[in-house]
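Asker: attaching a predicted model along with its sequence, questions to come.
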Amino acid sequence: MHPLAAWSRLRALLARYDRRLWVLFTVQLIVSVGFGAAMPFVGLYLYDELGVPMRIVGTIMLVAALAGSAAQILGGEIADRIGRRPLIAWTMGIRAVVFALMAYVVSIRASYLIVAAVFLGIRFVGAMNQPAINSMVADIVPRERRVEAFGILRIGGNAGWALGPAIGGFLIAVSYASLFALTAVASVIGLVIILLLAPESIHARETERFSLTRLLDAARDRPFLSFCGASLLLFLVMGQFGSTLSVYSTSFLGISTAQLGFVYTLNGAIVVFFQWPAALFGKRIGVRRTLVLGALLFAVGYFSVGIVPGFAFLMGSMTVITLGEILFSPSATSTVAALAPVGKTGRYMGLFGLAQAFGWSGGPFIGGWLLDAYGRVPILLWGAIAGIGIGAAVWFFADRRRTA
């Protein structure tokens with residue numbers, strides 16, 4: 001394509017969306033470089049450096065899920081009441097402090113209980129942040145473009161993932177503490193960008209007094225609850241990404257930490273280059289088919305981990321897993337925005353984040369027990385995880401009214 005034609009298409013794409021989407025894109029890119037450099041290696045640090053059994057590592061992830069679940073709900077409520085921008089800014093600042101604290105406790109080789117407590121704080125603050133970001137996108141993008149917009153947001157985040165794990169794999173040679181120091185710096189940069197370039201997006205704030213009854217109104221929305229249930233199953237599978245997969249790959253499959261970094265970098269690179277076409281493809285075939293296909297690809301990808309002999313084949317498994325991710329994630333977030341009543345987007349995003357938090361941290365709990373029991377019989381380990389993904393696909397397929 002001629003450079004002028006390419007530039008013209010880029011300008012048209014930039015003009016198609018509110019500037020705040022591109023600000024969030026940039027923030028996600030920067031923060032995810034640090035996040036991707038550190039978070040895939042937390043389980044590895046606990047297991048390899050501190051000698052914590054995988055069942056304990058999984059339990060730590062599960063406790064973090066409980067904290068993250070509460071934070072998702074709290075973040076959604078706060079985002080509807082005080083606005084998106086203040087919450088994003090506050091959480092960015094606090095996350096910088098907590099990551100700096102993690103760098104310190106790792107540098108002094110503090111007990112795994114202290115590391116676990118700080119990790120819980122990281123998950124709590126990070127979980128509060130996401131409903132506000134997703135709600136801002138829903139505020140500024142028309143419904144018919146939301147799948148594309150959430151896809152763009154994910155490209156920013158995963159461009160960071162394309163760089164972060166590779167950086168992290170090499171920074172480990174310096175120290176584990178340097179991973180978290182990098183993430184603290186990235187969070188500070190994200191905070192500055194939000195304060196300077198992201199005006200508030202909400203127009204109608206929630207004014208009713210908070211009560212558990214009103215919160216549970218969303219949980220009684222049956223179409224929404226059904227969708228969250230199916231998504232929870234798939235989040236349990238997705239939760240293997242940063243814990244069970246990394247430990248299995250290095251301790252059982254025998255790849256190096258640098259190679260592991262490249263595996264995660266491949267995930268980010270595929271999202272960067274193929275998320276936009278995947279979003280357009282999902283829009284063409286419909287939400288329900290997209291969700292079903294995404295879940296099946298997750299199942300196939302993780303099942304294949306149990307039969308791969310080494311690094312090169314593991315890259316193939318990650319490719320299949322990532323194809324499932326780029327189909328499922330933007331369509332799922334767009335579905336939540338569509339199901340949410342006016343003025344309740346933050347609440348619905350928070351409750352959907354509840355399912356996500358339980359899955360992403362409950363998944364390592366399940367995976368940790370399976371790894372301890374069947375790590376030497378990988379076909380059983382990854383077959384059981386793939387079975388959960390198939391269950392999610394069946395649920396999405398049967399739930400026609402919710403996901404059509």
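Answerer: Structure's in. What do you need? Numbers count the residues shown, from 1 in each chain.
Asker: so Ser201, which state does it fall into?
Answerer: With DSSP: H, G, I helix; E, B strand; the rest coil as the basis, the three-state label of Ser201 is coil.
Asker: so how far is Leu314 from it?
Answerer: Using Cβ to Cβ, to the nearest Å, Ser201 is found at 41 Å from Leu314. To be clear about C-beta, it is placed using only N, CA and C from the backbone, and glycine gets the same treatment.
Asker: so the two - more neighbours on which side?
Answerer: More crowded of Ser201 and Leu314, by other Cβ atoms under 10 Å: Leu314, with 23 against 20.
Asker: which ones are touching Tyr348?
Answerer: 76, 218, 224, 336-337, 339-341 (Cβ atoms under 8 Å, 6 or more residues apart in numbering).
Asker: redo that, cut-off 10 Å
Answerer: 76, 80, 131, 134-135, 138, 218, 221, 224, 228, 336-341 (Cβ atoms under 10 Å, 6 or more residues apart in numbering).
Asker: can you flag the buried ones in those?
Answerer: 76, 80, 131, 134-135, 138, 218, 221, 224, 228, 336-337, 339-340 (16 or more other Cβ atoms under 10 Å).
Asker: same question for the one helix or strand Val57 maps to, mean pLDDT?
Answerer: Counting by DSSP states H and E, the element that carries Val57 is helix 54-82. Taken as a whole, helix 54-82 has an average pLDDT of 81.
Asker: in it, what counts as buried?
Answerer: Residues 54, 56-82 are the ones in helix 54-82 that count as buried (16+ other Cβ under 10 Å).
Asker: stretch 355-369 too?
Answerer: Within stretch 355-369, the residues that qualify as buried by neighbour count (16+ other Cβ under 10 Å) are 355-368.
Asker: lowest-confidence member of those residues, which is it?
Answerer: Taken together, the buried residues of stretch 355-369 show their lowest pLDDT at Ser361, with 71.
Asker: where in the stretch 301-404 of the chain is pLDDT low?
Answerer: For the stretch 301-404 of the chain, applying pLDDT under 70 flags the ranges 400-404.
Asker: neighbours around Ser246, how many?
Answerer: 25.
Asker: give the contact list for it.
Answerer: If you count contacts by Cβ under 10 Å, 6+ apart, Ser246 has them with 40-44, 47, 165, 240, 255, 257, 260-261, 263-264, 364.
Asker: restricted to helices, list the residues you listed.
Answerer: Using DSSP state H, 42-44, 165, 257, 260-261, 263-264, 364 are the members of the contacts of Ser246 that sit in helices.
Asker: and those residues as JSON lines, adding distance to Leu327?
Answerer: JSON lines is the format used below for those (distance: Cβ to Cβ, whole Å):
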{"residue": "Val42", "distance to Leu327": "27"}
{"residue": "Gly43", "distance to Leu327": "26"}
{"residue": "Leu44", "distance to Leu327": "28"}
{"residue": "Pro165", "distance to Leu327": "22"}
{"residue": "Thr257", "distance to Leu327": "29"}
{"residue": "Leu260", "distance to Leu327": "24"}
{"residue": "Gly261", "distance to Leu327": "25"}
{"residue": "Val263", "distance to Leu327": "20"}
{"residue": "Tyr264", "distance to Leu327": "19"}
{"residue": "Pro364", "distance to Leu327": "23"}
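Asker: ok, those vs Arg123, which is closest?
Answerer: Nearest to Arg123, judged by Cβ to Cβ, of the ones in helices among the contacts of Ser246 is Val42 at 9.9 Å.
Asker: who touches the closest one in this structure?
Answerer: So Val42 contacts 57, 60-61, 64, 102, 106, 115-116, 119, 122-123, 176, 179-180, 242-243, 246, 364 (Cβ under 10 Å, 6+ apart).
Asker: circling back: closest one to Gly93 out of the buried residues of stretch 355-369, please.
Answerer: Nearest to Gly93 among the buried residues of stretch 355-369, with distances taken as Cβ to Cβ, is Ala357, at 21.3 Å.
Asker: and the nearest residue to Thr290 once chain neighbours are set aside, what is it in contact with?
Answerer: Nearest residue to Thr290, sequence neighbours excluded (Cβ to Cβ, 6 or more residues apart in numbering): Gly282, at 3.8 Å. Contacts for Gly282 were tallied using Cβ under 10 Å, 6+ apart; they are 147-148, 151, 289-291, 293-294, 326-328, 330-331, 334.
Asker: make a markdown table from these and add neighbour count and distance to Phe273 to it.
Answerer: Shown next, in a markdown table, are those (neighbours: other Cβ atoms under 10 Å; distance: Cβ to Cβ, whole Å):
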| residue | neighbour count | distance to Phe273 |
| --- | --- | --- |
| Val147 | 25 | 18 |
| Glu148 | 21 | 16 |
| Gly151 | 25 | 12 |
| Arg289 | 18 | 22 |
| Thr290 | 26 | 19 |
| Leu291 | 28 | 22 |
| Leu293 | 21 | 19 |
| Gly294 | 27 | 17 |
| Ile326 | 28 | 10 |
| Leu327 | 27 | 15 |
| Phe328 | 26 | 17 |
| Pro330 | 28 | 15 |
| Ser331 | 26 | 19 |
| Ser334 | 28 | 21 |
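Asker: for stretch 157-172, the averaged confidence score.
Answerer: For stretch 157-172, mean pLDDT rounds to 76.
Asker: quick one: buried residues of the helix or strand where Phe170 lies?
Answerer: Assessed by DSSP H and E, Phe170 sits inside helix 146-171. Within helix 146-171, the residues that qualify as buried are 146-169, 171, counting by 16+ other Cβ under 10 Å.
Asker: cool, stretch 382-389 as well?
Answerer: Neighbour-count burial for stretch 382-389 [16+ other Cβ under 10 Å]: 382-386, 388-389.
Asker: for those residues, which one is nearest Arg19?
Answerer: Using Cβ to Cβ, the buried residues of stretch 382-389 come closest to Arg19 at Gly389, 37.5 Å.
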